[in-house]
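Undergrad: Any chance you could fold what I've pasted below:
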Amino acid sequence: MTEITLNHDLCPYLDTLPRVLKTRRIQVLEMGAVMTRLIRGAGLVIIAVALAGCGSNAAGSAGAAGSPGPASSSAAPQTAATVSPAAQPADVSRACQQAGKYLTAVRTARHAGYDRVVFQFSGGRPAVTTERVTAVYADPKGTTISLPGHSFLHVVFRGASGFCPQPAHRTWTGPNVLTPRYPQLLAVAAAGDFEGYLSFGLGLSARGPYHVSTLTAPDRIVIDVSHVTSK
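TA: Presented below is the predicted three-dimensional model:
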């Protein structure tokens with residue numbers, strides 16, 4: 001083993017020690033600088049990612065706040081309500097899919113000086129005849145229909161019906177006899193629906209003038225019977 005003396009052998013080592021320590025210090029400082037740059041770079045990346053996430057969340061929040069979600073659900077009925085009539089089935093307003101004139105309603109009303117009965121149809125207005133009679137007979141049975149009053153009108157619609165053959169159902173579901181008991185119009189009774197002839201009988205309190213007219217949208221035939229002043 002070589003023996004190192006203080007005066008000659010140790011001195012060179014002592015001379016190189018400051019340089020070694022200096023080099024080690026520089027390396028440590030350089031490594032520290034590198035680590036600092038890495039940490040700073042990583043921090044910037046983390047901050048950028050966080051900001052991006054916050055930005056997307058903020059944008060999402062703003063989009064949610066301005067999103068027309070509820071409005072779109074409430075807008076659907078408006079769209080449905082504004083559908084053009086052409087988009088609807090062609091026979092929506094018809095009482096029967098088969099072509100023809102079909103009775104859909106019979107209504108009565110009292111007015112100043114006259115009483116009114118209205119016959120409403122789908123598919124157009126049929127031809128109508130009215131006749132004063134001493135009695136109203138059921139078609140086709142021929143039996144007498146009991147009506148109150150002292151005067152009677154026989155009303156016949158030609159080429160009309162209150163029954164749809166295809167699909168089979170009644171287009172007029174009202175009662176066979178209406179009894180409004182107005183001053184002149186006392187009763188309206190169904191008198192027949194046979195082979196394209198639809199008939200009714202009107203029971204009137206007295207013999208007096210009457211008037212037949214038509215209305216459209218919907219198609220109606222109106223019979224007004226004037227009040228008769230008893231002497």
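Undergrad: Helices of this structure, residue ranges please.
TA: Assigned by DSSP state H, the chain shows helices spanning 10-66, 69-81.
Undergrad: Which one of those helices has the poorest average confidence?
TA: Mean pLDDT across those is lowest at helix 69-81; the value there is a mean of 31.
Undergrad: so who does the closest residue to residue 131 other than its chain neighbours touch?
TA: Distance criterion CB to CB, 6 or more residues apart in numbering; nearest residue to residue 131, sequence neighbours excluded, is residue 154 at 4.9 Å. Glycine gets a C-beta too; all of them are placed from N, C-alpha and C. Residue 154 is in contact with 130, 131, 132, 133, 136, 191, 199, 200, 201, counting by CB atoms under 8 Å, 6 or more residues apart in numbering.
Undergrad: Mind checking which of those are in strands?
TA: 130, 131, 132, 133, 136, 191, 199, 200, 201 (DSSP state E).
Undergrad: before we move on, the earlier item: quick check: of the contacts of residue 154, which lies closest to residue 184?
TA: Closest approach to residue 184 among the contacts of residue 154 (CB to CB): residue 132, at 13.8 Å.
Undergrad: just to revisit the earlier point, so among the ones in strands among the contacts of residue 154, which ones count as buried?
TA: Neighbour counting by 16 or more other CB atoms under 10 Å classes 130, 136, 191, 199, 200, 201 among the ones in strands among the contacts of residue 154 as buried.
Undergrad: How many residues are close by residue 108?
TA: 18 (other CB atoms under 10 Å).
Undergrad: Give me the local confidence score for it.
TA: pLDDT for residue 108: 98.
Undergrad: Report the beta-bridge partners for it.
TA: Using DSSP bridges, the beta-bridge partners of residue 108 come out as residue 117.
Undergrad: contacting residues for it?
TA: Contacts of residue 108 (CB under 8 Å, 6+ apart): 115, 116, 117, 118, 178, 180, 182, 185, 188.
Undergrad: Kindly indicate the member of those residues with the most neighbours.
TA: Using other CB under 10 Å as the neighbour criterion, residue 185 leads the contacts of residue 108 with 28 neighbours.
Undergrad: Which residue comes closest to that one once chain neighbours are left out?
TA: In this structure, residue 185 finds its nearest non-sequential neighbour in residue 115, 3.7 Å apart by CB to CB, 6+ apart.
Undergrad: Pull up the per-residue confidence for that neighbour.
TA: Residue-level confidence at residue 115 comes out at 98, pLDDT.
Undergrad: Contacts only, for it.
TA: Counted by CB under 8 Å, 6+ apart, residue 115 has contacts 108, 109, 180, 182, 183, 184, 185, 224, 225, 227.
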